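>>> Sequence and predicted model, in that order:
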Amino acid sequence: MSNDDIRPTTLVGIKRLAKAIKSAQGIPHHQALDEAARRANLQNFRHASGLLRSVRPAALALSGAC
């Protein structure tokens, strides 16, 4: 599976994908974080961080968003 197919749903998932994007594309980490957040259908990593930190993991599991 390529990195293009991955759609993270958690902040940890976004960070993990960013690390893979950084290695594959040779871009700075902050750019990779923004790209990973966009693949999660969010504006950028700052948006993802604010949104996903405010949602508790148990609430995500109950909503089926994981």
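All right, it came through fine. Predicted model only: the values in this text are computed from it and were never measured.

>>> Buried residues in stretch 11-18, which are they?
Neighbour counts using 16 or more other C-beta atoms under 10 Å place 11, 13, 14, 15, 17, 18 of stretch 11-18 among the buried residues. For every residue, glycine as well, the C-beta is placed using N, CA and C.

>>> can you put those in JSON lines and add pLDDT and distance to residue 35?
Listed next are these as JSON lines, based on pLDDT from 0 to 100; distance: C-beta to C-beta, whole Å:
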{"residue": "11", "pLDDT": "93", "distance to residue 35": "15"}
{"residue": "13", "pLDDT": "93", "distance to residue 35": "13"}
{"residue": "14", "pLDDT": "95", "distance to residue 35": "10"}
{"residue": "15", "pLDDT": "95", "distance to residue 35": "12"}
{"residue": "17", "pLDDT": "96", "distance to residue 35": "8"}
{"residue": "18", "pLDDT": "97", "distance to residue 35": "7"}
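
>>> just these now: which is nearest residue 26?
Closest approach between the buried residues of stretch 11-18 and residue 26, by C-beta to C-beta: residue 18, at 13.2 Å.

>>> Does the closest one touch residue 33 like I think?
Yes - because the distance of 4.4 Å satisfies C-beta atoms under 8 Å, residue 18 is recorded as touching residue 33.

>>> Show me whatever sits in contact with both of the two.
Each of residue 45 lies in contact with both residue 18 and residue 33 under the rule C-beta atoms under 8 Å, 6 or more residues apart in numbering.

>>> now the helix ranked longest in the chain, how far from the chain's geometric center?
Secondary structure of the chain read by DSSP state H shows that its longest helix is helix 11-25. Remark: helix 11-25 is offset 8 Å from the chain centroid, using C-alpha atoms, centre = their mean, to the nearest Å.

>>> what does that helix rub up against?
Helix 11-25 is touched from outside by 3, 6, 8, 27-29, 31-33, 35-37, 39-40, 45, 48-49, 52-53, with contacts defined as C-beta under 8 Å, 6+ apart.

>>> try 7 Å this time
Applying C-beta atoms under 7 Å, 6 or more residues apart in numbering, the external contacts of helix 11-25 come out as 3, 6, 8, 29, 32-33, 35-37, 39-40, 45, 48-49, 52-53.
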